Structures are given as structure tokens and as C-alpha cells.
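[1] sequence-free structure coming up:
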């Protein structure tokens, strides 16, 4: 597969502090890459460097065949970018704003109308054409933001936290839209919401304190999250000693409300455990994969890094 | 590409009431001066008996209007330039320009030209207004052209300076006040050393260089002064925006 974006040893220093340190990754054509990290991890800084809004202290970014520092115009024409704070001229109407965006991205003047219509249609904005951006709801403004990023049909779309501050229904719609964009473009999406990445992305990258601590496919991440433990509820539980003496269990933790966390030696075998519980009449009322929270994964990954 | 920025600037000036209000107010101001100038001309000239006291109607009315235009512009232009970059900074819309395939130089020059074209409407308006006197009098078109040219140069210096101050801060009001103070100071610079007319300080006065145009004289030294002034502030603006990208 061809590589549409390549970041090499990217670093950015603000004063003595590194906001981003030695980040290397690439993006294949037609791939949705999730950029995950807590607030202040360096996601936005990285994206600003990828789009030529911020000069890196060290390292290089290549968009397709073009270096963003050496041939900024050619490189930038391949990118559509929606920053964290959406850059909208609120005194203009949706049509006016998108027309300006199309012109700025060198869309030929005979194609401007069709590409504006196309972007509006893809983002569900057609019935808002003549409205002032100022008067649109938060969710619709975000759609305008996404529409300006895809108006010139760029190879790479970079979206910085596109679902922040939206209500659950809007979030669902925006995610659907991003998935749909991902069919024709390479997408980089930053977020601090783990389920979002699982829903939308093909590959994920976790950044913490400026450094990449994980990158791999969504499957790898799920493996990391679920791991080898089960959450089990037993109403008539035996002593802890008896529980932890089960041969394929490494460790048992007691939690609130008669819930227990079972750590398996190798792979999780829920069936075996359920049969055992039933046989001994321990009052099994709940059995579920024990999903690690995002914080736990961060803790795990940063610990591994050290 | 510059052309697209120019179009965008003109669009946003005309999309907000500010542009229209300033245009209307200034036109009202010039129109009023034109009327009172004509009135005064007949009063003054009917009292002027010696030939030395008599001046042509072009210089009498035009001189007044072009002289006041410099002051009116120093009020109006900071209000217009504060939008150029400050407002983009405050609205966080600069990334929209920076991530498009447009260089910073094109952005700055485009914004500058956009506002300059907008203000040229006024220069053309004044010219047409004064030219209507030709219906009943024989007016001096050379004088009008020299003054219009001088006014354009003056306006472009004002706009360049305003653009620079606009790039310094994300508070539009602060940028307007700063550029207003700077403009007034530069206009008045000639007054500080009034006793020594050739002191170097007098030569940086914007008004002094504008004055030779208002006599109908086009002098290359004045043209160079205005062009250098404009160029300097545009370059400073470009540098300032570039350092945003470098320093973050």
C-alpha cells in the first residue's frame, strides 16, 4: 500500500519542555488512524505540525512525495484540516464560506459549485446553505468545519477532536460521517475517547507526554483492554482461598457487591468457570469481560515505556 | 492566489455592517465639506478684491477636502485594519488560512490589497464629486489626479501600519488604539521641531510628504517614502505571522 503521510522523528519544544518528542509514524492510503491521548499529551501539537501550522523543532513530515517545510504549497494542497477550535467566518453563510474554502484550495472555478454542493451533501448541510454560520447549532457548525476540510477532495483529512462538545446524537452522526469519509480518504483523527477510536479507526496510536506509547491495530488494542480477566458475580461465594485455588486462575480480587475479578493463567475460558460455579452452587448471577478503563491502559502503557 | 484573499477580504468587509457604516459616514463627511466649501468659496471670493487673494475653485474646495481626508482616514483606517488579523486571531481562524496552500506573504499582501481596494472607493468618490464642478467651472484635473494619487499612497501607508499592529495582538480594540496613536504621532511628527524645519525628525512625518501632493506636485522622494513605509510594515507583518508558526 502507498504511504500518504510520513512523520519522522518529529519533535517540538516550547522553551525547555518537549510537547512532542521523537514521534515517528506513517499513514497508509485509505486508512483511518486514531490518535489517542489524554489532554495535553501533544495530539494537537502533532497535528499542527503535520498541517504546517507549526514548525517542528526537529524531524520531518512528508505528505505524499512533498516535504511540508520545503514544498509547503504542494504538500498543503493534499491535506484537509479541521483544527480543535473550528475556524469559521461566522458572518458568512454556509455557501459563501465553503466557496471561499474551495477557492483557497485551488479548486478550478468551474468546479467550485459542484464541489461545494458535494461537500454539503456529504455533511448533510444542503438545507442550511443560505444560513449564517453564526446561527447554526454546535453540531451543524462542526459539520461545516468538516465540509471545509473535505471540499477539495484531499488525500488526507486531519480532524482534531471532531466530536468534542457535541450531544450524543450529534456525536453518532459525526462518527458516521467520519467513517464515510474514511472510505475515500486517509484520515487522522484525534480524540481522548477510547470507544470512539474502536468504532471508527483501523489503526490506533496512543501518545502520552509527547511520546508514542502504543501503536497497532484496533484488535491489538482490544486485546490490551480485555486482557485475561473476567468479572464474576457470586451471591454465595466461598472463601477467597478456595477461589484462588482453582487450577487455571492466577489471582482473584474481591470487589464491591459480591463481584470478583478472576485473572486467568492463559486465555479466558468463561464456560469452564461458569460450569464450575454452577456445579458448586456459588450463586452465579453475573459474568462479563472486565474491560480496562482508558486510564488503566495509559498507566499500563506508560509503565511499559519506562 | 492573492486574488482569492483579496476577494475574501472584500466579502467579509461587506458582509458586516462595519464596512458599510464607515463608507457611509466618510462619504457623508466629504459630501458635507464639499457643500460648505462651495458656499464659502463664493462668500470669500466676493470679498477678495486683490488678484493675489483669488484662488481657483479646485484648490479652494479640493484642498480642504483632501486635507481633511488625511485626518478622517487616520480615524477610520484603524477601525478597519483591526479586523484584518486581530479578529482572525481572536476567532482562531488563522489556521484556516495557514493550512491552505497559500504563503504567508500572499495572505498579508492579499489582506492589504483587499482593504486598499475598499478604501479606493472613497478616493474615486471624492474625485468624481470634485469633478462635477467642471459642469460650471473649468477645473484643474491635474491637481485632482495628483491629490488622488497622494491620498492612495497615504492610505496604503496607513493600512500597512494598521495591518502590522493588527498582527501583534488578539484584541482588535488594542490594535485599533495602537495604530491610531501611531498614525497620529507620525502625522504630527513635523510639529515637534517646528523651529527647525529641516531637522530629520520632521522628515518622517507622514503629513509633510502628503502636503506636496496637495499642492499638486508629484515628487519622487515622497513616492519613495510612502512605498518604503508601506513595504516596511508589510514585511514586519509577514515576519510576525511567520514567527507564530516558528514559535507557536
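    On my side now, so go ahead. Bear in mind the structure is a predicted one, so any value in this text is a computation, not a measurement.

[2] ok now do the residue of the stretch 201-306 of chain A found nearest chain B, which residues does it touch?
    Proximity to chain B, evaluated over the stretch 201-306 of chain A using Cβ to the nearest Cβ, is greatest for residue A:210 at 13.8 Å. In short, each C-beta sits where N, CA and C put it, glycine included. By Cβ atoms under 8 Å, 6 or more residues apart in numbering or on different chains, residue A:210 lies in contact with A:18, A:19, A:20, A:21, A:23, A:41, A:42, A:45.

[3] Settle this for me: the last one is touching residue A:19, isn't it.
    It refers to residue A:45. Yes - taking Cβ atoms under 8 Å as the definition, residue A:45 is a contact partner of residue A:19 at 4.5 Å.

[4] Need the residues touching each of the two.
    A:12, A:210.

[5] count of residues packed around the closest residue to chain A within chain B?
    Closest contact between chain B and chain A, by Cβ to the nearest Cβ, is at residue B:96 (3.6 Å). Residue B:96 has 24 neighbours, counted by other Cβ atoms under 10 Å in any protein chain shown.

[6] Contacts only, for it.
    A:87, A:101, A:104, A:148.

[7] among those, which two are most distant?
    Taking Cβ to Cβ, the two most distant members of the contacts of residue B:96 are A:87 and A:104; they sit 11.3 Å apart.

[8] What are the phi and psi values at residue A:48?
    phi -60, psi -30 (degrees, to the nearest 10).

[9] so it makes contact with residue A:61?
    No - counting by Cβ under 8 Å, residue A:48 stays clear of residue A:61, with 10.8 Å between them.

[10] more neighbours, these two?
    Taking other Cβ under 10 Å, residue A:48 and residue A:61 do not tie; residue A:48 has more neighbours (26 against 20).

[11] Helix, strand, or coil at the residue lying closest to the more buried one once chain neighbours are set aside?
    Spatially, and ignoring its direct neighbours in sequence, residue A:48 is nearest to residue A:54 (4.0 Å; Cβ to Cβ, 6 or more residues apart in numbering or on different chains). Recorded secondary structure, residue A:54: coil (DSSP: H, G, I helix; E, B strand; the rest coil).

[12] What is the neighbour count of residue A:54?
    23.

[13] pLDDT score assigned to it?
    On the pLDDT scale, residue A:54 is placed at 92.

[14] before we move on, what about residue B:248?
    Predicted confidence (pLDDT) at residue B:248: the value is 69.

[15] Residue A:293 now?
    So residue A:293 comes in at 65 (pLDDT).

[16] what does residue A:276 give?
    At residue A:276, pLDDT is 85.

[17] Please identify the helix or strand for it.
    If you go by DSSP states H and E, residue A:276 is part of helix A:270-279.

[18] near chain B, which residues of chain A show up?
    A:12, A:14, A:45, A:48, A:51-55, A:72-74, A:76-77, A:79, A:81, A:83, A:85-92, A:96, A:100-101, A:103-106, A:148 (Cβ under 8 Å from any Cβ of the partner chain).

[19] Buried ones only from the residues you listed, please, as a PyMOL command.
    Buried subset of those, written as a PyMOL selection, criterion 16 or more other Cβ atoms under 10 Å in any protein chain shown:
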select buried, chain A and resi 12+45+48+51+52+53+54+55+72+76+77+79+81+83+86+87+88+89+91+92+96+100+101+103+104+105+148
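
[20] Look at residue A:40 and give its secondary structure.
    Looking at residue A:40 with three-state DSSP, the answer is coil.

[21] what's the spacing between it and residue A:209?
    According to Cβ to Cβ, to the nearest Å, residue A:40 stands 8 Å off from residue A:209.

[22] Who has more neighbours out of the two?
    Using other Cβ under 10 Å, the more surrounded residue of residue A:40 and residue A:209 is residue A:209, with 17 against 13.

[23] Which residues of chain B lie near chain A?
    Residues of chain B lying near chain A (Cβ under 8 Å from any Cβ): B:1, B:4, B:7-8, B:11-12, B:15-16, B:91-103, B:245-246, B:248.

[24] now these: which count as buried?
    B:1, B:4, B:7-8, B:11-12, B:15, B:91, B:93-103, B:245, B:248.

[25] Sketch out the low-pLDDT regions of chain B for me.
    B:194, B:248 (pLDDT under 70).

[26] element containing the residue nearest the centre of it, please.
    With distances taken as Cα atoms, centre = their mean, residue B:155 lies nearest the centre of chain B, 1.9 Å away. Taking DSSP H and E as the criterion, residue B:155 maps to helix B:141-168.

[27] After that helix, which helix or strand is next?
    Using DSSP H and E, the first helix or strand after helix B:141-168 is helix B:172-192.

[28] helices or strands up against that next one?
    Helices and strands touching helix B:172-192, by 3 or more Cβ pairs under 8 Å, 6 or more residues apart in numbering or on different chains; DSSP states H and E, are helix B:63-82, helix B:141-168, helix B:200-203, helix B:206-214.

[29] what's the following helix or strand after the first one?
    Spelled out, that is helix B:63-82. helix B:88-90.
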